[in-house]
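[1] What follows is a predicted protein model with its sequence.
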Amino acid sequence: MTSSWYNELKRPRFTPPNKAFGIVWSILYLLIFISLGIYLFAPVKPNLPVTVGVLIVHALASVSWTPLFFRQHKMLAALFDILLLDVTLVAIITLFLQVSLVAALLLIPYLCWGLFATYLNLAFYRLNR
C-alpha cells in the first residue's frame with residue numbers, strides 16, 4: 001500500500017524496495033499463524049486470559065499502524081503504535097514460551113522485522129518532519 005505521499009518522502013538508509021514488503025509479510029504471516037496454531041492446540045495454556053488480552057492489544061495496534069502512517073501521515077503517532085507492537089510482541093513471545101518453545105521461536109523473525117520497521121518509522125519521521 002504505497003501512495004504518492006510515501007513515494008515522495010526522504011528515505012532512510014536500508015529502506016527495502018516496495019516489492020520486498022509483500023514477500024516478507026507473506027512469510028511472517030505464515031510463521032505467525034503456525035505459532036498461533038501451536039499455542040491454541042496446546043493442551044495447557046497458563047496465563048490464558050493475559051495472553052488473549054495481549055494478543056488483542058497487539059492486533060489492534062497492528063491494524064492501526066497502516067492508517068496512521070499511510071492515510072493520516074502521522075508518523076510520530078505511528079511510531080508510538082509500532083513501539084506498542086514491539087512491546088506486546090515480546091510479551092506474546094514470553095507467554096507462548098510457557099506453552100511451546102517452537103511457538104515462541106517462530107515469532108522471532110516477526111520481532112526482528114518489527115524492530116527493523118520501528119527503525120524505519122523513526123528514520124522516516126526524523127527525515128520528513
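    On my side now, so go ahead.
[2] What strand or helix carries the most centrally placed residue in the chain?
    Centroid-nearest residue in the chain: G114, 4.6 Å away (criterion: CA atoms, centre = their mean). For G114, the element it lies in under DSSP states H and E is helix 108-127.
[3] Give me the buried positions along that helix.
    Judged by neighbour count using 16 or more other CB atoms under 10 Å, the buried positions of helix 108-127 are Y110, W113, G114, A117, T118, L120, N121, L122, A123, F124, Y125. In this view, the C-beta of every residue, glycine as well, is placed from N, C-alpha and C.
[4] Correct me if wrong: the first one contacts L30.
    No: using CB atoms under 8 Å, Y110 is not in contact with L30, being 10.6 Å away.
[5] Poorly predicted segments of the chain, please.
    Scanning the chain for pLDDT under 70 picks out 1-2.
[6] Spell out the residue ranges of the helices in it.
    4-7, 18-41, 48-66, 75-97, 101-105, 108-127 (DSSP state H).
[7] Out of those helices, which is the most enclosed?
    helix 75-97 (a mean of 18; mean count of other CB atoms under 10 Å).
[8] Tell me how far that one lies from the chain's centre.
    7 Å (CA atoms, centre = their mean, to the nearest Å).
[9] contacting residues around that helix?
    Here helix 75-97 makes contact (CB atoms under 8 Å, 6 or more residues apart in numbering) with 35, 38-39, 47, 50-51, 54-55, 57-58, 61-62, 64-65, 68-69, 103-104, 107-108, 110-111, 114-115, 117-118, 121-122, 124-125, 128.
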